[in-house]
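Participant: Have a look; sequence and predicted model below, questions after that.
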Amino acid sequence: MRKRAAVLCGAAVVMAGSFTALPADASTPRTAPVAKLTWKSCATTNYPTLQCASLKVPLDHDNPHGRQITLALSRVPHTAKKSQGPLLVNPGGPGGSGLTLAGYVAGSLPKAVAAQYDVIGFDPRGVGKSKPALDCKPGYFNPVRPDSVPSTWAIEKANLARAKSFAQACGKKYADVLPHINTIQAVRDMDSIRAALGSKKINYFGYSYGTYLGAVYAKLFPDRVRRLVLDSIVDPTGVWYDDNLDQDYAFNDRHRAFMAWVAKYDSTYKLGTDPAKVEAKWYAMRAALAKKPAGGKVGASELEDTFLPGGYYNGYWPYLAEAFAAYVNDKNADPLVETFENFAAVDASGDNGYSVYASVQCRDADWPRDWNQWRADNWAVYKKAPFMTWNNAWYNAPCAFWPTDSLEPVDVSNAHLPPVLLFQATDDAATPYQGGVTVHRLLRGSSLVVEQGGGNHGISLSGNDCLDKYLAAYLTDGTVPRSGGEVDAVCDALPDPKPLSSASSSSRGSTLHGMLGFRG
């Protein structure tokens, strides 16, 4: 989590094909007066040309002259003589800040391509430097939390009390704001950004939840989309409850891939050559930490939080393996505590990200209000996929008690777009492969590029030159690969990392995945 909230793409009780029509409040959007932007330098060492601005937008876009809120924007301006317009970028979440992502994208694209765009980052409503920035319950993730697996009624009761308290805190603190923190309002914010930039159309590049944000924008404003890139794709037929259950299986598979990697390097980690036995040692470590948290910080739930990032990005595997081995072989918990603090501890920005995550997902679509359904569904999944099932359930459990009613999910199917470029890894855990296939089908004329054997989340601009070649071609002149089949192009995944002693880490990959965060 790199000191920020974990934000998994969630899911709702919506079966594939059971969308309703676009919500009435979004089908005929009203418009507020167009604001002007004043850009000022907010340069950093890594992003010396970064500029920042702020934009006032209506809290409720159906009441454009009512209360206004502020969005924080960033920009790397184009340098070519001819501009292809704004390229809005989003790192996912919901709840992720996009301000530095603009600098990263502009610096990672080929110079000749980046030079043609004004790369625009933004903190969505409620996030980061946008105002108001939500923080429902500071310290909600402070260790040590109850064990995520509700093996006794006392544990389940404690976790339920936590979830209820978070929902109640949000409702009490932000009663007038919560009804307007959702994907549709965020999409209409994006169109306000477009208008303030003076552009008739936008180009858009979104990761993870940002793919859903982009698809919904395209649904509401198809004639305002010039180019659309979606990377690591949310299945829009499962927002948000069902998508979370699907994730649990995928994260379990990814965790087992990590166990197999540890077994492969037994000469380094001394945890055994049989992946099943290595996995048994991991669960034994979990059981021990449930009884005696390491350093008074890392209990069973915090251990899951610590190893969750390995499901997003295999570049973290060597660090996780070293902490695992030190605890098991040397009875040394210090590396584990350090790894928790680096990857999983949540600070104020993390509290903010989680508050927005919950506010958006709980409002976006229906969630079961009967806890008995959550209990039955999650125990059924846990039997096959124990790694993250209950941790994920409690992460989303405030939605069972959320103080606002729910909107209907958006049918993102679209036959009115220019060519769209989609990226999906076959073994992505956070947004499983089927999401890419589904969106490829729903967005007529889109092209799907698959990373075969890839398990990372967020795959373009992460070191795979084959993928980046397709991205650069598309942003240059709109070229997309075409095969006529389910997949339009295939790239091989990058090799898994090696242990730290001989590893040459991918700075591009680690930088990007630090921005994307975890659970997002």
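Facilitator: Right, received. Where do you want to start? Numbers count the residues shown, from 1 in each chain.

Participant: Just the C-alphas of the host helix or strand of A472, formatted as PDB.
Facilitator: Per DSSP states H and E: A472 is located in helix 465-477. This file holds the C-alpha atoms of helix 465-477, laid out as PDB (Å, rounded to 0.1, in the frame of the first residue of the first chain):
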ATOM      1  CA  ASP A 465       8.400  -3.100 -24.900                       C
ATOM      2  CA  CYS A 466       6.000  -5.200 -26.900                       C
ATOM      3  CA  LEU A 467       3.000  -3.700 -25.100                       C
ATOM      4  CA  ASP A 468       4.400  -0.200 -25.200                       C
ATOM      5  CA  LYS A 469       4.900  -0.500 -29.000                       C
ATOM      6  CA  TYR A 470       1.100  -0.900 -29.500                       C
ATOM      7  CA  LEU A 471       0.500   2.000 -27.100                       C
ATOM      8  CA  ALA A 472       2.800   4.300 -28.900                       C
ATOM      9  CA  ALA A 473       1.400   3.500 -32.300                       C
ATOM     10  CA  TYR A 474      -2.100   4.100 -31.100                       C
ATOM     11  CA  LEU A 475      -1.300   7.400 -29.500                       C
ATOM     12  CA  THR A 476       0.700   8.500 -32.500                       C
ATOM     13  CA  ASP A 477      -2.000   8.000 -35.200                       C
END
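
Participant: contacting residues around the next helix or strand after it?
Facilitator: For helix 465-477, the following helix or strand on the C-terminal side (DSSP H and E) is strand 489-492. Residues outside strand 489-492 that contact it (Cβ atoms under 8 Å, 6 or more residues apart in numbering): 447-453, 464, 466-467, 470, 481, 483. Using the backbone N, CA and C atoms, a C-beta is placed for each residue, glycine as well.

Participant: Filter those residues down to just the buried residues.
Facilitator: Among the contacts of strand 489-492, those buried by neighbour count (16 or more other Cβ atoms under 10 Å) are 447-451, 464, 467, 470, 481.

Participant: Kindly reformat these as TSV containing pLDDT and distance to V328.
Facilitator: Output for the buried ones among the contacts of strand 489-492, formatted as TSV (pLDDT from 0 to 100; distance: Cβ to Cβ, whole Å):
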residue	pLDDT	distance to V328
S447	98	46
L448	98	41
V449	98	40
V450	98	36
E451	98	32
N464	98	33
L467	98	36
Y470	98	42
P481	98	46
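
Participant: Return the closest of the residues you listed with respect to Q84.
Facilitator: Closest approach between the buried ones among the contacts of strand 489-492 and Q84, by Cβ to Cβ: Y470, at 17.0 Å.

Participant: Pretty sure the closest one sits against R482.
Facilitator: No. Counting by Cβ atoms under 8 Å, Y470 sits too far from R482 to count as a contact (11.6 Å).

Participant: sorry, back to before: any chance of the contacts of strand 489-492 in JSON lines, with distance to N396 too?
Facilitator: Conversion of the contacts of strand 489-492 to JSON lines gives the following (distance: Cβ to Cβ, whole Å):
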{"residue": "S447", "distance to N396": "32"}
{"residue": "L448", "distance to N396": "28"}
{"residue": "V449", "distance to N396": "30"}
{"residue": "V450", "distance to N396": "28"}
{"residue": "E451", "distance to N396": "27"}
{"residue": "Q452", "distance to N396": "31"}
{"residue": "G453", "distance to N396": "29"}
{"residue": "N464", "distance to N396": "31"}
{"residue": "C466", "distance to N396": "35"}
{"residue": "L467", "distance to N396": "30"}
{"residue": "Y470", "distance to N396": "34"}
{"residue": "P481", "distance to N396": "36"}
{"residue": "S483", "distance to N396": "37"}
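
Participant: Quick one: low-confidence residue ranges for this structure.
Facilitator: In the predicted model of the chain, residues 1-33, 502-507, 517-520 satisfy pLDDT under 70.

Participant: so what secondary structure elements neighbour the helix ranked longest in the chain?
Facilitator: Under DSSP state H, the helix in the chain containing the largest number of residues is helix 241-264. Where contact means 3 or more Cβ pairs under 8 Å, 6 or more residues apart in numbering; DSSP states H and E, helix 241-264 is packed against helix 275-291, helix 309-312, helix 317-330, helix 371-382, helix 389-396.

Participant: could you give the angle of it to helix 275-291?
Facilitator: Inter-element angle recorded for helix 241-264 and helix 275-291: 110 degrees (by axes from the mean of the first three to the mean of the last three Cα atoms, to 10 degrees).

Participant: of all the helices and strands packed on helix 241-264, which lies closest to T79?
Facilitator: From the helices and strands packed on helix 241-264, taking Cβ to Cβ, the stretch that ends up closest is helix 309-312, at 32.9 Å.

Participant: hmm, who's touching the closest one?
Facilitator: Here helix 309-312 has contacts from 1, 251, 254-255, 258, 316-317, 320, 343-344, 388, 429-430, 455-458, 513, 516, 518, using Cβ under 8 Å, 6+ apart.
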